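[1] Make a model of this:
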Amino acid sequence: MKHTISVLVEDEAGVLTRIAGLFARRGFNIESLAVGPAEKVGVSRITMVVPGDDRVIEQLIKQLYKLISVLKVQDITQIPCVERELMLVKVKATASNRSEVIQVAQIFRARIVDISEDNLTIEVVGDPGKMVAIVQMLNKFGIREVARTGKIAMTRESGVNTEYLKSLEAKV
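    Have a look, this model is predicted:
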């Protein structure tokens, strides 16, 4: 199972290297990684997606807390969250199929950020499922390049689990 781990760290040189080293020494793979300033000055938030069972992730969290610069670690996999990614995707778009590519982008509320004679670059923001879905739709045109950020996530203060609500809607 994939787990989403949120880590608050002191914003200092080498902290990401120490965390990556911890993962490497224990043979863990980081599937997604995003780092940026948090709400407090001098603190950064690291969001990681890591495969593993609950026992392995629990052990990993204990190991993270042993690092000096780590302030807080939270497995937010089962907690209602807002999750987002950013993706830039360059697609073949000739005069004959350009309008169809633009329609796909509009359906996904994506933006065209660059255009050339035979390419469109599309910016997509959304949850990881949206990224997979738009790539599937754009594949038939020919994807030339993809650049994708790691997942960022925050827990929902409302406690509303949108994944649960989506599953209810699917049944109706």
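[2] contacts, neighbours, all on C-alpha from now
    Noted.
[3] Pull the contacting residues for the residue most central in space within the chain.
    Computing the C-alpha centroid of the chain and ranking residues by Cα atoms, centre = their mean puts Lys151 first, at 1.5 Å. The neighbours of Lys151, taking Cα atoms under 8 Å, 6 or more residues apart in numbering as the test, are Ser32, Leu33, Ala34, Thr47, Met48, Val49, Glu83, Arg84, Glu85, Pro128.
[4] can you tell me which of those residues are in helices?
    Of the positions in the contacts of Lys151, Pro128 sit in helices, assigned by DSSP state H.
[5] and the contacts of Lys151, which of them are in strands?
    Judged by DSSP state E, the subset of the contacts of Lys151 located in strands is Ser32, Leu33, Ala34, Thr47, Met48, Val49, Glu83, Arg84, Glu85.
[6] so the last one sits right up against Asp127, yeah?
    Yes: the pair Glu85 / Asp127 is scored as a contact, 5.9 Å apart, by Cα atoms under 8 Å.
[7] out of the two, which sits in the more crowded spot?
    Looking at Glu85 and Asp127 with other Cα atoms under 10 Å, you find the greater number of neighbours at Glu85, namely 19 against 16.
[8] so what's the more buried one bridging to?
    Gly126 (DSSP bridges).
[9] What of Ile143?
    Here Ile143 sits in beta bridges with Val91, as judged by DSSP bridges.
[10] and the gap between it and Gln136?
    Using Cα to Cα, to the nearest Å, one obtains 10 Å as the distance from Ile143 to Gln136.
[11] if I look at the closest residue in space to Val70 that isn't next to it in sequence, how far off is Arg148?
    Distances taken as Cα to Cα, 6 or more residues apart in numbering place Val9 nearest to Val70, at 4.5 Å, with adjacent residues excluded. For Val9, the distance to Arg148 equals 23 Å [Cα to Cα].
[12] More neighbours: the two, which one.
    Using other Cα under 10 Å as the criterion, Val9 and Arg148 rank with Val9 on top: 22 against 15.
[13] Return the distance of the more buried one relative to Thr17.
    Computed as Cα to Cα, the Val9 to Thr17 distance reads 12 Å.
[14] Could you list the domains of this protein?
    Per the record, the chain has its domains at 2-75, 82-153, by automatic domain parsing.
[15] Quote the end-to-end distance of the shortest one.
    Using Cα to Cα, the span of domain 82-153 from its first residue to its last is 6 Å.
[16] Please apply the same query to stretch 89-103.
    Chord length of stretch 89-103, first to last residue, is 15 Å (Cα to Cα).
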